Every structure is written in C-alpha cells, then in structure tokens.
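S.K.: 3D model of this:
(4 chains)
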There are 4 protein chains.
Amino acid sequence: MIKSAIVGATGYTGSELVSILLRHPEVEISLITSNSRAGEKFSDIHPQFLGFCDLELQKADVIDDYDIDVCILALPHRVSMDFVKKWKDKPFKIIDLSGDFRLSNAKTYEAWYNKEHVIPEMVPTVPYGLPEINRENIKGAKVVANPGCYPTTSILGLAPLFQAGKVEKDSIVIDAKSGTTGAGVKASATTHFSNVNDNFKAYGLKTHRHTVEIEENLGSLNGGEVMVQFTPHLLPVDRGILATSYARPTGKMTNKELMDLYKNYYKDEPYVRVRESAPELKFVRGTNMCDIYPTYDERTNRIIVLSVIDNLIKGAAGQAVQNMNIMLGLKETLGLEVSPIKP
Amino acid sequence: MIKSAIVGATGYTGSELVSILLRHPEVEISLITSNSRAGEKFSDIHPQFLGFCDLELQKADVIDDYDIDVCILALPHRVSMDFVKKWKDKPFKIIDLSGDFRLSNAKTYEAWYNKEHVIPEMVPTVPYGLPEINRENIKGAKVVANPGCYPTTSILGLAPLFQAGKVEKDSIVIDAKSGTTGAGVKASATTHFSNVNDNFKAYGLKTHRHTVEIEENLGSLNGGEVMVQFTPHLLPVDRGILATSYARPTGKMTNKELMDLYKNYYKDEPYVRVRESAPELKFVRGTNMCDIYPTYDERTNRIIVLSVIDNLIKGAAGQAVQNMNIMLGLKETLGLEVSPIKP
Amino acid sequence: MIKSAIVGATGYTGSELVSILLRHPEVEISLITSNSRAGEKFSDIHPQFLGFCDLELQKADVIDDYDIDVCILALPHRVSMDFVKKWKDKPFKIIDLSGDFRLSNAKTYEAWYNKEHVIPEMVPTVPYGLPEINRENIKGAKVVANPGCYPTTSILGLAPLFQAGKVEKDSIVIDAKSGTTGAGVKASATTHFSNVNDNFKAYGLKTHRHTVEIEENLGSLNGGEVMVQFTPHLLPVDRGILATSYARPTGKMTNKELMDLYKNYYKDEPYVRVRESAPELKFVRGTNMCDIYPTYDERTNRIIVLSVIDNLIKGAAGQAVQNMNIMLGLKETLGLEVSPIKP
Amino acid sequence: MIKSAIVGATGYTGSELVSILLRHPEVEISLITSNSRAGEKFSDIHPQFLGFCDLELQKADVIDDYDIDVCILALPHRVSMDFVKKWKDKPFKIIDLSGDFRLSNAKTYEAWYNKEHVIPEMVPTVPYGLPEINRENIKGAKVVANPGCYPTTSILGLAPLFQAGKVEKDSIVIDAKSGTTGAGVKASATTHFSNVNDNFKAYGLKTHRHTVEIEENLGSLNGGEVMVQFTPHLLPVDRGILATSYARPTGKMTNKELMDLYKNYYKDEPYVRVRESAPELKFVRGTNMCDIYPTYDERTNRIIVLSVIDNLIKGAAGQAVQNMNIMLGLKETLGLEVSPIKP
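M.R.: Model prediction:
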C-alpha cells in the first residue's frame, strides 16, 4: 500500500480526506496530524468516525518517522507555505489545499493575500491542480496546488468557451452561491445557525481572492488577460456550490453549437457531466462530480452556464485525491467512485 | 371602518393579507372567500389564526351583500381576470395580485401567459402598482395591478439608474434567488422538502414571465426599450428574494455618485432603505421593506446592486395594502409598521 | 407614555423586546444599554432595525438620568443579580429575564447554578412571572422573575393536571425540543450551522437547570414535591419549543374529562389556546401564544400533552412584556396582539 | 456475480438500494422495475445517477427473463404482499421492505393495516429481518421482512434491557423524531417545504403502526407482552431518526451496569456502536450504523436510551442489503463499509 499523511486533520477537508482514503484500494492513511490537538484520537474530534478511523493525531514534525509517499496539506492559507518550504526536498509528493501556490507568481499572491510569500521563487513552478485543464503538468509534479472551490466550479463552467475563443473576455459575470462549509469548521458569527438558516446574502463583493485565481486560469486557456465579475453568496446549506455564469459570445452562437462544444471538450472526463437541463446541488453531493449545463439565450445574445460541485469534494478533498492518483500514476478515479447522496 | 374583502384566502398571500389587515386601524376584514372551501373557517385552513380570525369562508359571489369598499384578489393568474371583468363596475376598488393586468397590453400578456385575455381593452388602463415609481397613477385608480415579487425586487433595485439614464440598456443581468413560498401553498415535487432542503437550483432560464414585467417597467422610466437577462433560483428558505443585478454605466461612475443617486431617489420612500453594505433576507423578513445596496466596481467598470424583499409582503400582500392605502387616501404605512422578524 | 429601559440589548431577547415595545401603545423605549458596546447604535448591532430603532446604546449606570418607570433586565445568569442588588430600591419596577430569582430559595439556586447568590434573602420574595399560574402575585410586585423558556412550555402543558391532582407525581417525562436561539446570540460549536443543519441531538440529560424550575412550580400547584424527567433536544430551527409530556393519571381518566379540564383551566387566558389536535411550532411563531393539546391513551393509560411556544416571545421577551403590563396595571395584551408568522 | 432485482425503484428506498449495490463487490443489479414508469431510464427519474446507473426501468413481470438470485421489494404496504404471493415459489430469495410480513400473524396485521392479508398463512413463517436480534432465522430464510425505520431504532435501543429482563414492561415511553424521507418521495402537504422548514410537530399519537412492531419484537426477547408509548415527530431534516426512550429498571441499576450490559450485548455487532455520550443524526448519516447511548438517572430512577439511525439505510435499504448478505452467506458488511457523511 502507498502511505499517505494528512496534515491538518481537524477541519472539514481533513475529515473528508479520511472518508475518501478509507475507501481507497491502494493508498492507506499512515499519519494524521494536528499540532493543536496532537494526542487526541481522530474519532474524538470527528465522532462520526468512531470505529472507522481511531488513529491518534500526531504533531506534524513526526512525518520523517513514517516513510510517507504522499502528503496532503489541509492547512490554512499563509500557514501551508511554511510546511512546503520545510518539506519540499523530502522524498514524498505534496498536494497543498491552501491558496499559497495557486497563483502564477508571488507578487500577485502578496497583492491578494496580504502576506509576504516565504518561497516566492517556487510559486511559478507549482502546477495548478485542476486535472481537466492541466492534467499533463500534474502528472510529473512533486508539489501540486489544489484549486479553490469557487474557481473549480467557475473555471470548469467556462473553460470550453475560453479554450475555443468563443467569449468576449470582459463580459464574464459569475454569480456564485456556496454552502457554509466553505467557511470552515470554526464557529463564527458568519456561520452561527440563526444567521444562516432561512437567510441568504452576498459577501466579498469585488474583492474575493478567488477572483484572481479564476482570471489567471481562464486567461491561460487562450493566452489573454481576463477580468471577471465574481460575486459569492452564502446559502443555508452544508455543502455545494452553484455558479451561474453569464458571457457574451464573440460571434454567432447557437444552442446546438454550444452544447456540442461542451460535450466534446469534456467527453473523456470522468468527473464532468454535461447535462441537458439545470443541475442541482444534490445531483453531485458526496461526489467528485462537476455537473454543467450551458445554454444560449438567442433573445439577449448571452450564454448562461450553470455549474455545480460539492465544495468539500471536487472543491477540496476529492480533487486532492484525484490529483494524488494522477501524481502517483494510479487510476484517476480510485477512492472516488461513490454515487451522490440524494436526498 | 373601511370594509375589505379578500378573495381567494387559502393561499399564502391570503393569509398574509389577513395578518396585515388584522393590524390595520382603519380597515376591517368583512369578507373572506374561497370557492373551493366555502363553509370552512379560515382558522381551520390556517390553524395559526385560531382566535385571531375565525371567519367563515364564503363563495365569492356573496360580495354584493357586504357593502365592500375595497376588494383584494389573491387568485391565480388567468382566473383573476374573470373576477375583474365581472366586478369592474362595482362600487368597490380592486387590487389584483395576479399577473393578469401587470403588462402594458393584452398582446404581450398573451405571448407570455399563453392565454387569451378576457378584457384586453382594460389591460393598458390599469396602473402598475409599484408606489415608488407610479404613486400618482395609483392614487386615483379603480383597479390596480399589484406587481410580481421578482419584478418588485428587480425594478426597485435598478430604477434610480434607469430614471437617471445611467446604464447601458442591454447590459443588465439580474440573478435572483427566491424562497419557496413564491411557488405557492400547493404541494408539488418542486416544493417537496427533500428536493429543496440542503439544495439549490436555477429554474425558468430565459423564459420566466417576470422578465417582461421587469423590462416594461424599467423601460418606462426613460422611454426606451430594455432587455434584461433574468435568472431565478430556488432557495431553501420560506420567504425572501435577493436579486443581484449587474449593469454597465453609460459614462463615468464613482461609488459616491452611485450612492448619492440612490439615496436621493428613495429619500422620501417609507419602504426602501438604501444601505451602505450588503443586506440579508432576514433584514426585511416580515416587513414591507426593500433594502438596497448599490456599489460600483472600478476594476471591472460594473455596477452591482443587491436588493431584498420579503416576497409575501413587499412582493405581494404588503404592497397590496400599501396600494390600498394610497387608493383610499389613507396614510401609506397603516398596517405595515411592524419591524423585521430576525432571527 | 410610560418609560422603559432595556438593559442588555445585544442579544436575541433584547432585540425581541425592542420589536414588541415599538408596537406598545403606552410604553416607550427610553434607554437601551450594553456595557460592552455602549456608543454604538442599536441598528448597527441589529441591522434589521435601521429606521425602526436607531437609539444609541448606553452604559447601564446612566439609568438614573432617564426617569425610568420599568426596567427589563436581559442579562446572563449570575450577572443579573448584581443589577437587581444595585437597583432594588430605585423607583422603577424590574423584570429580570435571567434565572437568578426564579427558584424558591438561594440554596437551591446555588446547587443548580454553581454560584453564590449576592442577595440570598431576596430570592424567596420575588414572584415567579408565569401569569397563568401566578398573576395575583405579579400584580403588586416590585421585581418579577421571568420564567425560563422550557419551564414556560412544560409548566403550562402540565399545570391543569397538577392543579387538579390528576397525575402520579413521579410519572412525569418531559421530552422537549428547542430551536437554537435558546442558546443565545453568541457563536459556538453548538450553534455552528453545519453542526445543527440537517441534524438533531439531545443534550443536558439528567442535569439541565430548568428541571428544578419545572419541579418547583408544578409542586407549588398542589403542595407536594415533584420530580420530573426532563430531556432537552436541539432542533435545526431558529425559534420555537415543543414539549411532549407523558404522565400517569391518578385515577380513571377519559379524553373528554381531560379536554374539559384543560379548556376550563385556561378559559380566560389570552395566551393559551387549548387545541383539538397536535400543534406545530409555526402555529405560535412570532407570538406570545402557548398552544396545548392534551390527549389520553386508553390503551396504555397514559396522558400525553403537547405544548408549544415561541421561545423568544412567550419564553422570554413577550412574557416579560405581559408581566410588565400586569405590574403596571395595563391591559395585559398591549404590544402582544400580532398574529403568527407562518410560513 | 450474484444477480439482484430491485422491484419498485422510483422511491427513496429504491435509489438508496442502487447506491449501495453499485458498491457491492459480489452482487450486481440486473433488473430495476417500476410498473408506472417502465421504459424510462433510472437516471431520468433520479438524475443524480447519470453515468452511475442508466438502466431502463422494466415492468416487474419480466423478472423470469433475468435469472435473478435475489429480489428486493421496495413497494408500498398492501401492494408488496401481492408480489410475494406471486413469486414465493420462484428460485430467488426475497427481501420485502414493506410492513406486510413484519408482524407475527395476519390477524394483527389486519387490525393495524386495515387490509385483509392475501397470504395469511405465510405471515408467521417470515422472519423479522433485524440481524442483531434474529440473525439465525434470517440465515436460512427464503423470504425476510425488513423492519420499519422507527422499530429498528427503538428495538435496537431497548433490546439489551428486555433480553436481560431489566425493565418494567409497562414503563416504556419512546419519543421518536424522524426526517421527512420517512414519508416517501411523493409530494404532499405533510412534506411541503414551508410546512416542514423551521417547523416541528408530533403526529400519529397513540395509533402509529410501528407501535405494534416494536411491542411484538421487544416482547419476543423475553417471552412476555409489552406495551409501549410510541410518539413520532417530524423533523425538518432529510434523513435520520433519533429515539429517546425512557424505562424504569426492575431492580437496582447503576450507570456502569447499564453500560456494561449494552457493550456486551452488542460487542460483535458491526452496525451498532454503543457510545459514552449523546449521538447526533449526522454521526450515522449515509451509513448502516445504529449509535446508542444508554444512561441511568439515579435521581429519578429511570433509564434513558438515545438511539439514532439513518432511516433510509439502517432503517430500509442498508438493512435490506445486510439481510441479503446474511441470506446469501456473504460477508455481512459487503457494500456497507462507507463512513458517515458529516457535515
């Protein structure tokens, strides 16, 4: 068995990684760490795992004792890069779930994350871990930057259009809606039940850090600069993101041409389903799937694309395992075969 | 006391009207009707009203016996116009909550509602009951068409821009999200708990009937034709609509200019609050209020407007009472003074 | 107008008190205090009140400047008694929403609240503010202890049986379920959205402090000692408590006798509705009402009583205003006339 | 591979069965039927399965063409027995998810289900499919009656006490709370979103059919007659049941003795976890697990037991697969190994 370590296992991404890796036929969990809660059992912190995973949490620096093949960092932004810096010459591969290595260079990172990068020269060398647009670069990588949840949803929703040069680059509006687990496991006024339940709001208008991550990766698909309007909203649901994207076509467009473009672009992808009608959050819940519905409005001459993912899986832990499988030369779908949880 | 009749009282709008009119100091409920459930008590159908309103539901055609001053029709589209036709020469005023008289002419109605209108000549004469843009016409009217819930949210969110000629008319995208009560009291797969709870989806893409209602009324504000992209979504909440609207300014714009424009436009309105930050559904829940937050994104040169209402009140029953007050020459806020229900 | 002060206005009870008193025809809000957030506007902390109540929060010790007639303490347990101690000889009446004066004596208080009482001799003199069982003592009181939310639900559900001596005193099981606002406005793991949403659990088994409050007050109804099994649960809803109570009758019982007993006991109460079928949380939401459905199971020889309230209103702010009205000699229902919010 | 048929695949149990069997390493789905929707694809009815299971639904009577080894009936009560009657001599084994064969005899069935049984003589011969109390009888059976969701939760919660003769038989109160999927896939007023969301109620007091199923099976554990007070409630959640059970011990009891009794009784069970503190619905969501927390209240001399399951899995589809595995001589946990979905 291949030996994996999950570094930072007290959050939602950590527990989701455990769920997935427990099902993985070729990778085992050798080490789970949490510097703040070392010594406790994983199932004391996440009681649902009693009997499924009762490993004791360790301090991260014991990693050298475990002969690890692959390490998944489920740490906060700004903390994760310290671990990458320390471990970059270790013999194991690293998948980093934070935002620390997602952008094209350290200067852009510093502008959007308000923090000096600790290994700026490494930032441009780490491939962006969205297999559907970057699989070849992931294959040989030592370190991969796992994408953000909103960017995964948004980029997958728009990639075929950018790849084909079919949209006005300054016309993109992405109106995105996410469940609360995107805000993490830590209690705050934002996620206080009565502030979320039976409620709805927008947040982070004009300034959300995922904006630049979306822009850089859509831009890279056809060599130009892209500027998107990205507005996130907070849904009273646990998990799931739906992005409603609007774009002007560059030339003539028809519904058939649009659908063909998408179906062709994603025809070999195991984790994208191009649908003929509007998807719902629960169509993908509990899975690594991204469901996409593109449609063209002849009346207004606009393309609308709906894309949905489970933010904890395709938007985090599942995509990390997909990247891990690619990096290790395994079948890309191992551990990720379960069908959606609905209802 | 002024005598009112609520025609069609088994739905959510009917029960909300009763709630409001029970608090109204100058209007009493003389008659509540339901053709399908006549003979039952109102509080048998809506058990929360036990002791508050135990009136017996009557057949609508007894209205002549009640010496009614004002009649509120809370009936389905396509049914309501039959009542207006029958009662248009009665001595009472009528507020129609259906879509049957909201559009500018019967031809447009027939195109979007797939039904021949029974009094086509009357359609252009009935004022659109959105007080903030049409108060003068409502004042003297015999019949008023109460606006749809999405149009109320959308038009109030964008009216200052159109009135001032500040937006590119073909640039408008309205991404709207509504609670389930907008779909009515009747059980269906759409509103089945497990299909809504912890879920989210878009619906009615490109074709929702409220599109034309929004377009006509924004267009009327500056004499031109307007085409909007309107996409509704279904939220797992009971009540509330949030519309996120995107627009290109026609010329230069600043955040200060935008805020001044909105504050000035709504400065005397009792039911619009222009806010300095993003509103939430619960900021207006249980009230006739529309909260609006306009902001300008210098980076992308786009205006974003967030507007929220309680769909059952400002989007239906509350606005009907506001219109009633205006039509009867009463103080516009009577019956509508309660503060929001939060949490 | 009578002048009121709300002391501790940043929580849910404080905001609910403001909602109610804004509607009160004879009492005005003269002072709102918060020692931690003095200087801020009430509507900055509770943004839904923008335009409804924009008073500035004051430090509590300015109360002498305001010529207050009645003061409502919406403070935490253990803090509230300090204020009562300091203010007990002031010219205003006091309604205390904490648990500090609810029990029969300081010794019992100290056993269940783990804190020495600062004015032990006063505890037995403060009447328990449940009007339905204690109205006469509330009338002349200087200070009243407003009941807990679970005790209000439970005692109202069982009072007729105890008053009539119709139940085995050791047979009572109260299985209670509450929305999250009972846990307060402060964010914690307990009220973190993903821990509550689509979830359900029991808590505080065998040890919840409301147990003794229920026991003492049921016991006082027929002079004996009562021991109840009280188990609270946390519902994924904002507001509302439903208690399902089980009891053995002492002698023979029939459904008719049971229903007559309840209807007679509550026949003059404005805030109790005895129903003929099972009530729901939303039947009373937003109101001061307690709905009760008693039924007898002949097969098992057990009485089952369902009782529901809105925990923030009849379980806190509404009952405080009801007590205030009684203490001030006003009509008991002033400010509390609104009908339920459903849906 | 072993060939299975799922008869009645349009409901929640049907779709959950497909989810589980898709993961089963030794059983394949050969046939899915629905008489009302034959000809449609399974993934058209349950769109989340697109790409996972696109089988065409067949009429049930084609079953002879498929060489089936095991057939799972996911049909309504009163309909299912017709299929058992027709197929009882077929070469395949049958697991019936309806209530038609759960009770001890046809007479009791007819009293609680208001319907004459079509094969009364067969009822006493079909074993009750709760492996934890009846594994040996399930092993050799041709037909097994899969338990109801409430009875599974309740019986597992109380079985150790009855087996050991440790409770007063007339003292049992089971206060149970279920998510809405227990009411099925069909839209109705009961499951209309606004009637459930932010709401809570009891239903079926004194008369719910699961009462007798619980009584018979608890009674069979120690040879006596048992009468329980069973009260179900409807939670605003998708899936999950929590039962809070109350019982009087027959003699002396301690917390340690109680815990030892439970831990010992379930020590070899793969799908029961005896916990040291209160479980939550999400601790078992998406799994076949039943979590149980027994505790003794010395003050009141009462035992309280909390038990939780996922009603669609341990309460229906998962238990059916567990029974199938037992009947086929497979490892009991095949297909059922996934960890819980939380959050």
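S.K.: For the strand or helix carrying A:Ser154, buried residues please.
M.R.: Per DSSP states H and E: A:Ser154 is located in helix A:149-163. Neighbour counts over helix A:149-163 (16 or more other Cβ atoms under 10 Å in any protein chain shown) mark A:149-162 as buried. All C-beta atoms are positioned from the backbone trio N, CA, C, and that covers glycine.
S.K.: Give me the helices and strands touching that helix, please.
M.R.: Using 3 or more Cβ pairs under 8 Å, 6 or more residues apart in numbering or on different chains; DSSP states H and E, the elements in contact with helix A:149-163 are helix A:131-139, strand A:173-178, helix A:210-221, strand A:229-234, strand A:241-247, helix A:255-265, strand A:290-297, strand A:302-309.
S.K.: Contact partners for A:Val272?
M.R.: Counting by Cβ atoms under 8 Å, 6 or more residues apart in numbering or on different chains, A:Val272 touches A:132, A:156, A:266, A:289-292.
S.K.: cool, and A:Phe283?
M.R.: A:289, A:291, A:308, A:340, A:342, D:47-48, D:50.
S.K.: Most neighbours among those, which one?
M.R.: Using other Cβ atoms under 10 Å in any protein chain shown as the neighbour test, those are led by A:Val308, with 32 neighbours.
S.K.: In this structure that one contacts A:Thr244, no?
M.R.: No - using Cβ atoms under 8 Å as the test, A:Val308 is too far from A:Thr244 to be in contact (10.0 Å).
S.K.: what sits in contact with each of the two?
M.R.: Contact criterion Cβ under 8 Å, 6+ apart; no residue bridges A:Val308 and A:Thr244 by contacting each.
S.K.: follow-up on the earlier one: including pLDDT, could the contacts of A:Val272 go into a markdown table?
M.R.: Listed next are the contacts of A:Val272 as a markdown table, based on pLDDT from 0 to 100:
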| residue | pLDDT |
| --- | --- |
| A:Glu132 | 98 |
| A:Leu156 | 98 |
| A:Tyr266 | 98 |
| A:Met289 | 98 |
| A:Cys290 | 98 |
| A:Asp291 | 98 |
| A:Ile292 | 99 |
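S.K.: What is the nearest of the residues you listed to A:Glu110?
M.R.: Sorting those by distance to A:Glu110 puts A:Leu156 at the head of the list, at 27.3 Å, by Cβ to Cβ.
S.K.: which residues touch the closest residue to the closest one other than its chain neighbours?
M.R.: Nearest residue to A:Leu156, sequence neighbours excluded (Cβ to Cβ, 6 or more residues apart in numbering or on different chains): A:Cys290, at 4.8 Å. A:Cys290 is in contact with A:152-153, A:156, A:271-273, A:284, A:307-309, A:314, counting by Cβ under 8 Å, 6+ apart.
S.K.: Looking at strand pairing, list the partners for A:Cys290.
M.R.: For A:Cys290, the beta-bridge partners are A:Val272 (DSSP bridges).
S.K.: do you know how far it is from chain C?
M.R.: Taking Cβ to the nearest Cβ, to the nearest Å as the measure, A:Cys290 falls 22 Å from chain C.
S.K.: ok, which residues in the stretch 201-343 of chain A are in contact with chain C?
M.R.: Contact residues, the stretch 201-343 of chain A versus chain C (Cβ under 8 Å from any Cβ of the partner chain): A:236-238.
S.K.: So which of those residues reach chain D?
M.R.: A:Asp238.
S.K.: which among the residues of the stretch 201-343 of chain A next to chain C gets closest to chain D?
M.R.: Within those, proximity to chain D (Cβ to the nearest Cβ) peaks at A:Asp238, which comes in at 4.6 Å.
S.K.: got a list of what the closest residue to the closest one other than its chain neighbours touches?
M.R.: The shortest distance from A:Asp238 to any non-neighbouring residue, by Cβ to Cβ, 6+ apart, is to D:Pro343 (4.6 Å). The contact partners of D:Pro343, by Cβ under 8 Å, 6+ apart, come to A:12, A:181, A:238-239, A:312, C:194-195, C:197, D:282.
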